[in-house]
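**Q** A predicted structure for the sequence below; I have some questions about it.
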Amino acid sequence: MSQLQNSYGTCTTHRHQLKLKFPEHKSSLKLLSALTFPNVLARCWLPRESTDDEERQTLLTPSSTAPSTLTERYGLSTIILHYGVHSSVRVCTRKSPSAGASRQLHVVKILRRSSDALVRATQRFEQSLSSAVSHPNLLQTIDVLQNEHGETCLVMDYCAGGNLNALIATAEDSIDALQADCFFKQIMRAVTYLHDNAIAHRGLKTENILLTAHGAVKVADFGSAEWLLDEVADGEHAENRIRLQLSSLYSPRKLRGSIPYLPPEEFSNYATVDPRAGDVWAAGLVYMAMRCGRLLWRMPCADEDGGYSAYLRGRQTYDGYPPIEALEEVRFSSGFQGLGESLFTRCRNVIYAMLHPDPVRRIKASEVLRSEWVYYVQVCDAGEIGW
């Protein structure tokens with residue numbers, strides 16, 4: 001539950017009270033049972049800043065002369081968070097050298113060695129891309145090294161607040177509107193940063209949105225990301241640092257995203273569409289999941305999913321689509337004073353614009369941030385600095 005009086009206009013800062021998730025030690029015999037845990041961590045990392053090409057390349061290449069092994073530096077693997085074909089994500093626990101100090105937790109993504117050229121290119125692209133971006137609301141990496149099997153290990157800080165999916169699942173009904181708005185604005189800031197740098201995330205979902213102990217959002221997982229080379233070639237966006245690190249790589253083509261969050265154009269005969277429009281669609285669904293406590297549909301196909309068909313019909317009627325229209329009622333019941341009805345109407349309008357079935361007419365991430373609704377949402381101090 002968030003502690004705040006009002007997240008709009010001139011209001012005091014607020015804090016989020018989250019139930020922290022610290023994994024218990026588990027013996028090796030119990031590791032398989034941990035496979036049922038929700039994927040609370042993701043596949044995004046960011047090596048430390050470098051100032052020249054030589055140093056930058058060194059950071060991107062795991063060192064075989066590291067002063068210590070993965071276990072010596074970050075401790076034993078105590079929980080498996082995700083186990084996939086080409087990678088696994090684990091929690092490593094290391095006892096602090098200081099007497100009486102708490103244990104140190106890190107999350108390590110292990111990229112398995114592969115003879116498949118496409119898999120290797122995908123891993124290389126993901127590592128380089130996530131190393132080139134930096135934003136308070138993007139998950140960062142603190143180290144890259146190799147384990148005893150020669151596998152690349154990407155080390156990240158453990159996010160004690162868990163992920164947004166777990167928070168939604170454990171909420172009594174749904175996430176409080178004020179808290180959801182704070183999280184949503186942080187998400188849109190991260191997405192806008194990526195889009196401004198010609199990057200489409202293409203994997204936004206509640207499982208990939210992590211929370212720190214203080215309530216800062218960390219958008220994670222660049223495994224499905226795409227770099228828009230055509231736009232960079234035209235001289236639009238993309239910082240020099242990003243261009244330098246990705247210029248020798250390509251964005252591997254593959255099936256991207258989770259089906260419930262995919263935009264309708266992925267299931268139609270649309271010509272080439274800017275994939276950033278799909279990020280906006282997914283972000284809109286993430287917000288609705290926070291407010292409704294559930295996903296609106298299983299897949300955006302009117303012939304296959306009655307929930308999506310109902311949404312399309314609602315867009316064409318005066319009464320609208322009930323879950324989105326209900327946002328107004330919740331907001332009016334929250335005791336807001338001194339704000340016109342137009343602000344609440346714009347909240348609904350922004351969500352409708354984000355979930356426009358036509359990707360060409362869909363609102364852009366930067367326009368969401370500039371909307372009257374999101375503009376007046378106050379982000380907590382932790383979210384401002386990514387703490």
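**A** Here it is on my side, so go on. Numbers count the residues shown, from 1 in each chain.
**Q** Where does pLDDT dip in this structure?
**A** When residues are selected by pLDDT under 70, those of the chain lie in 1-13, 17, 19-67, 97-101, 230-256, 271, 328-344.
**Q** From the centroid of it, which residue is nearest?
**A** Of all residues in the chain, the one closest to the mean position by Cα atoms, centre = their mean is V219, 2.7 Å from it.
**Q** If we ignore the residues flanking it in sequence, what's nearest that residue?
**A** Among residues not flanking V219 along the chain, A190 sits closest, at 4.3 Å (Cβ to Cβ, 6 or more residues apart in numbering). All C-beta spots, glycine's among them, are computed from the backbone N, C-alpha and C.
**Q** for S96, same thing?
**A** Nearest one to S96, counting by Cβ to Cβ, 6+ apart, is Q104 at 5.7 Å.
**Q** Please apply the same query to V286.
**A** T206 (5.8 Å).
**Q** what residues are up against that neighbour?
**A** By Cβ atoms under 8 Å, 6 or more residues apart in numbering, the contact list for T206 reads N163, L164, N165, I168, V286, A289, M290.
**Q** try E384
**A** Per Cβ under 8 Å, 6+ apart, neighbours of E384: P136.
**Q** How much space separates it from H214?
**A** Distance, E384 to H214, by Cβ to Cβ, to the nearest Å: 11 Å.
**Q** Touching both of those two, which residues are there?
**A** Between them, E384 and H214 share no contacting residue, judged by Cβ under 8 Å, 6+ apart.
**Q** Map the structural domains onto the sequence of this protein.
**A** In terms of domains, the chain is parsed into 2-15+161-385, 22-157 (source: automatic domain parsing).
**Q** Deepest-packed of these, please.
**A** Greatest average neighbour count among these goes to domain 2-15+161-385 (a mean of 18), per mean count of other Cβ atoms under 10 Å.
**Q** Could you name the specific helix or strand carrying G320?
**A** Under the criterion DSSP states H and E, no helix or strand holds G320.
**Q** wait, doesn't it sit right on Y311?
**A** No - under the criterion of Cβ atoms under 8 Å, G320 makes no contact with Y311, lying 9.9 Å away.
**Q** I'd guessed M290 sits against D173; true?
**A** No - here M290 does not reach D173: they are 11.2 Å apart, not a contact under Cβ under 8 Å.
**Q** check contacts around A289.
**A** L164, I168, T206, L295, L296.
**Q** Name the nearest of those residues relative to T122.
**A** Relative to T122, the closest of these is T206; by Cβ to Cβ it sits at 23.5 Å.
**Q** Quickly note the distance from L164 to F183.
**A** Where F183 is concerned, L164 sits at a distance of 7 Å (Cβ to Cβ).
**Q** what do those two both touch?
**A** Common neighbours of L164 and F183 are listed as I209, L211, V217, M290 (criterion: Cβ under 8 Å, 6+ apart).
**Q** Contact partners for the second one?
**A** Under the criterion of Cβ under 8 Å, 6+ apart, the contact list for L211 reads H16, L18, C159, G161, G162, N163, L164, L167, F183, V217, K218.
**Q** Distance to F125 and secondary structure added to the residues you listed, as JSON lines?
**A** Putting these into JSON lines (distance: Cβ to Cβ, whole Å; DSSP: H, G, I helix; E, B strand; the rest coil) gives the following:
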{"residue": "H16", "distance to F125": "34", "secondary structure": "strand"}
{"residue": "L18", "distance to F125": "33", "secondary structure": "coil"}
{"residue": "C159", "distance to F125": "24", "secondary structure": "coil"}
{"residue": "G161", "distance to F125": "29", "secondary structure": "coil"}
{"residue": "G162", "distance to F125": "28", "secondary structure": "coil"}
{"residue": "N163", "distance to F125": "24", "secondary structure": "strand"}
{"residue": "L164", "distance to F125": "26", "secondary structure": "helix"}
{"residue": "L167", "distance to F125": "30", "secondary structure": "helix"}
{"residue": "F183", "distance to F125": "28", "secondary structure": "helix"}
{"residue": "V217", "distance to F125": "24", "secondary structure": "strand"}
{"residue": "K218", "distance to F125": "21", "secondary structure": "strand"}
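**Q** what would the residues you listed look like in TSV with distance to G307?
**A** As requested, the contacts of L211 are exported to TSV (distance: Cβ to Cβ, whole Å):
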residue	distance to G307
H16	30
L18	30
C159	31
G161	29
G162	27
N163	23
L164	21
L167	22
F183	23
V217	27
K218	29
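**Q** Go ahead and report the secondary structure state at the nearest residue to C159 once chain neighbours are set aside.
**A** Once flanking residues are discounted, C159 sits nearest to L210: 4.0 Å by Cβ to Cβ, 6+ apart. Secondary structure, DSSP: H, G, I helix; E, B strand; the rest coil: L210 is strand.
**Q** From what I see, L210 and A190 are in contact.
**A** No - with contact defined as Cβ under 8 Å, L210 does not reach A190; the gap is 11.2 Å.
**Q** related to what we said a few turns ago, double-check the residue nearest to S96 against T78; I have them as touching.
**A** No - assessed by Cβ under 8 Å, Q104 is found out of contact with T78, at 11.7 Å.
**Q** Need the overlap of contacts for those two.
**A** Common contacts of Q104 and T78, defined by Cβ under 8 Å, 6+ apart, comprise T93.
**Q** now the helices: where do they sit in the stretch 51-200 of the chain?
**A** Taking DSSP state H, counting those that start in this stretch as the criterion, the stretch 51-200 of the chain carries its helices at 53-60, 70-74, 117-132, 164-170, 177-196.
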